[in-house]
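# Sequence first, then the predicted structure, then my questions.
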Amino acid sequence: MGTDAKESPAEGTDAGESAVVGTDADESVTVGADPAEAGAPGADRAAGGAGVAVGPPAPPRTGVAALSPRYQVGAAVALAAVAVAACVHLGMVFLSLAPANTVTKQHGKAIEDWVYPEFEQNWKLFAPNPLQQNIAVQVRAEVRTKDGDLRTTGWRDLSARDGAAIDGNLLPSHTQQNELRRAWDFLAATHGTDNRPVGLRGALSETYMRRIVVMRLHREDGIGREGVVQRVQVRSRTTGVQPPVWSREQFSDKPAYRVLPWWTVTADEASGGVA
C-alpha cells in the first residue's frame with residue numbers, strides 16, 4: 001500500500017522467477033538470480049575479493065624464461081660462445097678447402113693448425129671421378145745381423161695384412177683400417193713427384209711413416225731377433241679397380257710402383273723403442 005510502482009514486485013511472476021527489487025532503477029538487483037550472472041557489484045568482490053575480475057591463470061614459464069635473471073644471463077653468454085666457436089670453425093674449414101686467396105696466404109699456418117689432423121676434409125668419395133685404385137703399402141728393411149753382416153729382407157705387404165685382419169671382422173680396429181692408409185696419404189700429399197718432401201710437413205710425414213713401418217716390423221715379424229734395423233724402404237703398389245662388365249671403361253691391370261728412397265732408422269726406433 002502506498003508504494004511506488006517501481007518498488008513493487010513485478011506482477012504475474014512465478015515463485016521460481018526473479019523479481020526486480022530496489023529503490024532506484026540504476027541500483028536494482030534481480031532477486032532469485034545468480035549474483036555473478038546479474039552483474040552485481042558483490043559478484044566481483046566475492047570472486048576477486050577486491051572488485052577486480054579474475055581471468056584464466058597464466059601458463060607456466062618454460063625453458064630459459066623459467067630461469068632466474070642471473071642464470072638467464074649465463075645461458076645467453078654460453079649460447080653466444082657456442083655460436084662464435086661454430087662460426088670460427090666453419091670459417092676455418094671453408095678456408096682450408098677454398099682455393100688459394102689473400103687470407104689463406106697470410107694465415108695459412110693458423111688455418112692448418114686448426115683443421116689438421118682432427119677436422120681434415122676428404123672429398124674423394126664425392127668427387128666427380130672417385131678414387132678407383134687399390135693402393136698397397138709395402139716395406140723392406142736392411143738389417144745388421146748378429147754376425148755383423150748386412151741383410152736386406154724381402155718386401156712385406158703391410159696393407160694386405162690389414163685387409164686380412166679386417167675381412168670377416170665385425171668390429172675391426174680403427175688402427176687396422178686407417179693408420180697405414182692415412183700415413184701414406186699424408187706422405188703422398190706432402191712430397192713431389194721426385195719423392196722429396198715439400199716443407200716441414202713433408203719431413204714430418206716421413207718420420208711418421210718410418211716409425212709405423214719399423215714398429216710393425218718389430219711387432220709382426222720379430223725382426224729384432226734377426227739383428228738391428230739400419231734402414232727401411234717403402235713403396236706403394238697401385239692397381240686399378242676393374243670396372244663392371246657393362247662398363248666401357250678400360251683399365252690396365254698392370255700394377256704401378258712408387259719406390260721411396262731408403263730412410264735411416266734412428267737408434268730408439270731400431271731397438272723398438274717406438275712400439
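The structure has been received and is ready for your questions.
# Does residue 246 fall in a helix, a strand, or a coil region?
coil (DSSP: H, G, I helix; E, B strand; the rest coil).
# and if you look at residue 261?
coil.
# In contact with it, which residues?
Neighbour list for residue 261: 195, 233 [criterion: Cβ atoms under 8 Å, 6 or more residues apart in numbering]. In this view, the C-beta of every residue, glycine as well, is placed from N, C-alpha and C.
# again, but for residue 249
residue 243.
# Look at it and report its pLDDT.
At residue 249, the model reports a pLDDT of 77.
# What pLDDT does the model give the nearest residue in space to residue 121 that is not next to it in sequence?
By the measure of Cβ to Cβ, 6 or more residues apart in numbering, the closest residue to residue 121 outside its immediate chain neighbours is residue 97, 5.8 Å from it. According to the per-residue confidence, residue 97 scores 82 in pLDDT.
# Equivalent analysis for residue 198, please.
At residue 198 the predicted local confidence, pLDDT, stands at 88.
# Could I get the phi/psi values of it?
For residue 198, the backbone dihedrals are phi -110, psi 110 (criterion: degrees, to the nearest 10).
# helices or strands next to the one helix or strand residue 105 maps to in the packing?
Here residue 105, judged by DSSP states H and E, is contained in helix 102-115. In this structure, helix 102-115 packs against helix 69-97, with contacts taken as 3 or more Cβ pairs under 8 Å, 6 or more residues apart in numbering; DSSP states H and E.
# Which strands and helices lie in contact with the helix it packs on?
With contacts taken as 3+ Cβ pairs under 8 Å, 6+ apart, helix 69-97 sits against helix 102-115.
# Name the residues that touch the helix it packs on?
By Cβ under 8 Å, 6+ apart, the list of residues contacting helix 102-115 reads 89, 92, 93, 95, 96, 98, 121.
# Nearest residue to the spatially most central residue of the chain in space, please, no chain neighbours.
Centre of the chain computed as the mean C-alpha position; nearest residue by Cα atoms, centre = their mean is residue 119, 8.8 Å away. On the basis of Cβ to Cβ, 6+ apart, the spatially nearest residue to residue 119 that is not a chain neighbour turns out to be residue 93, at 6.2 Å.
# residues near that neighbour, how many?
Residue crowding around residue 93 was assessed by other Cβ atoms under 10 Å; the count is 16.
# On the three-state scheme, residue 178 is what?
Secondary structure assignment for residue 178 (three-state DSSP): helix.
# Any figure for the gap between it and residue 205?
Spatial separation of residue 178 from residue 205 under the definition Cβ to Cβ, to the nearest Å is 15 Å.
# Those two: which is more packed in?
residue 205 (22 against 13).
# The more buried one contacts residue 191, doesn't it?
Yes. Taking Cβ atoms under 8 Å as the contact criterion, residue 205 and residue 191 are neighbours in contact, 7.3 Å apart.
# Any chance you could list residues touching both of these two?
residue 197.
# got the residue ranges for the strands in the stretch 151-275 of the chain?
Listed in chain order, the strands of the stretch 151-275 of the chain (DSSP state E, counting those that start in this stretch) span residues 156-157, 227-240, 256-259, 263-264.
# Present those as JSON lines; the columns should include distance to residue 196, mean pLDDT and mean neighbour count.
Putting the strands of the stretch 151-275 of the chain into JSON lines (distance: least, Cβ to Cβ, whole Å; pLDDT from 0 to 100; neighbours: other Cβ atoms under 10 Å) gives the following:
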{"stretch": "strand 156-157", "distance to residue 196": "25", "mean pLDDT": "96", "mean neighbour count": "16"}
{"stretch": "strand 227-240", "distance to residue 196": "14", "mean pLDDT": "94", "mean neighbour count": "18"}
{"stretch": "strand 256-259", "distance to residue 196": "13", "mean pLDDT": "95", "mean neighbour count": "12"}
{"stretch": "strand 263-264", "distance to residue 196": "13", "mean pLDDT": "95", "mean neighbour count": "14"}
